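>>> Could you look at this predicted model? Sequence included:
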Amino acid sequence: MKDRFGRTIDYARISLTSRCNLRCPYCYGEETRTDPADELRPDEIAEIVSVLAELDMQKVRLSGGEPLLRPDLGEIISTVSKTRGIRETVMTTNAQGLTGKLRNLKDAGLMRLNISLDSLQAERYRNMNGGSLEEVLSSLDMAIELDMLPLKINCVLLRGINDDEIEGFINMARERPLQIRFIELMPMGKLSKRDQRRDPAEILKNIRELRPVKAGYPGQPAQCWAGPGFKGSIGFIRAFSDPFCRSCNRIRITSEGRIRPCLADDTEWDFRGAIGNPARLKKIIMTAIENKPEKHRFSEGFVPSKFMYCIGG
């Protein structure tokens, strides 16, 4: 389906929960998490994905919070992946506890992963979010073994906190089939001030060997680069410095049943009451897509009323 600006909207990000087992400073706030009883059930997700497919959605990304906290995750993945018209079923995760579940999730229909990783130093990683770096690295090994490629690593650059590790991340892309995506800090969490933001493009000034890589798909938010002998690539996501709104092809669905057409706009449509009425549900989704903003408002000083974990990463 096209929005009023002619963009083809064929990608839905569905948050399964606002609960998380980490406390990343650019995502976490003080809001109360959604009660598990209020989260979309597997049958409700099945219904909305079916309607999305009717509207020519082709890609579904499951996110959170942390989707691994859902005990019915395998069931949800199986349902989404088997929906006629859905070509890609992927997931964003912090990978805490993923290794032992990944093979079953792939068997259920999960195709690829985006894994959050903001430091390659175990103590720093733990201090940043309370998690285990070993868990993440073990999951990377397993995903590569299972050929779940391209495997994307999301690293939010924080000035004075982890931006001294850029070379280490680039070496990972040189040695392993990973797309390391350096993400510019957005004003959405405890760390959101301008002086904490590091423009990923600054990296290019010091790494002369990197050359542009052609985008892998329409609407790709990352500008990708690689160098001679690289097994992977480096991506820069600069939502603040170099917005990609004109090619944005996505909508977000929150865990309690709201459609949010733009991350950086608080307008949402509640569809929970339309579950069980496919025609009404379809109309709500179409209305949300038709009203997707032309561009985000970060440059205007806009700060979303919700933190990232409440919207869906």
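Looks like it came in fine. This one's a predicted model, so the numbers in the text were calculated from it and none came from an experiment. Numbers count the residues shown, from 1 in each chain.
>>> Which parts of the stretch 151-300 of the chain are helices?
Ranges of helices in the stretch 151-300 of the chain, per DSSP state H, counting those that start in this stretch, are 166-175, 278-290.
>>> Just send those helices back as JSON lines, with distance to Val51, mean neighbour count and mean pLDDT too.
Using the backbone N, CA and C atoms, a C-beta is placed for each residue, glycine as well. Compiled in JSON lines, the helices of the stretch 151-300 of the chain are given as follows (distance: least, C-beta to C-beta, whole Å; neighbours: other C-beta atoms under 10 Å; pLDDT from 0 to 100):
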{"stretch": "helix 166-175", "distance to Val51": "38", "mean neighbour count": "17", "mean pLDDT": "95"}
{"stretch": "helix 278-290", "distance to Val51": "5", "mean neighbour count": "17", "mean pLDDT": "97"}
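>>> Using CSV, please lay out those together with distance to Thr89.
Converted to CSV, the helices of the stretch 151-300 of the chain look like this (distance: least, C-beta to C-beta, whole Å):
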stretch, distance to Thr89
helix 166-175, 25
helix 278-290, 19
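>>> Among those, which comes closest to Ser116?
helix 166-175 (12.8 Å; C-beta to C-beta).
>>> how about the CA coordinates for the closest one, as PDB?
Provided in PDB are the C-alpha atoms of helix 166-175 (Å, rounded to 0.1, in the frame of the first residue of the first chain):
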ATOM      1  CA  ILE A 166      34.800   1.800  16.700                       C
ATOM      2  CA  GLU A 167      38.000   0.100  15.500                       C
ATOM      3  CA  GLY A 168      37.100  -3.100  17.300                       C
ATOM      4  CA  PHE A 169      33.700  -3.200  15.700                       C
ATOM      5  CA  ILE A 170      35.100  -2.500  12.300                       C
ATOM      6  CA  ASN A 171      37.500  -5.400  12.800                       C
ATOM      7  CA  MET A 172      34.500  -7.600  13.500                       C
ATOM      8  CA  ALA A 173      33.000  -6.700  10.100                       C
ATOM      9  CA  ARG A 174      36.400  -7.400   8.500                       C
ATOM     10  CA  GLU A 175      36.700 -10.800  10.000                       C
END
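>>> circling back to that earlier point, so which of the helices of the stretch 151-300 of the chain gets nearest Leu55?
Nearest of these (C-beta to C-beta): helix 278-290, 6.3 Å.
>>> Quick check: which helices or strands does that closest one pack against?
helix 42-54, strand 250-253, strand 258-260, strand 269-270 (3 or more C-beta pairs under 8 Å, 6 or more residues apart in numbering; DSSP states H and E).
>>> Beyond that helix, next helix or strand please.
Following helix 278-290 in sequence order, the next helix or strand is helix 308-311 (DSSP states H and E).
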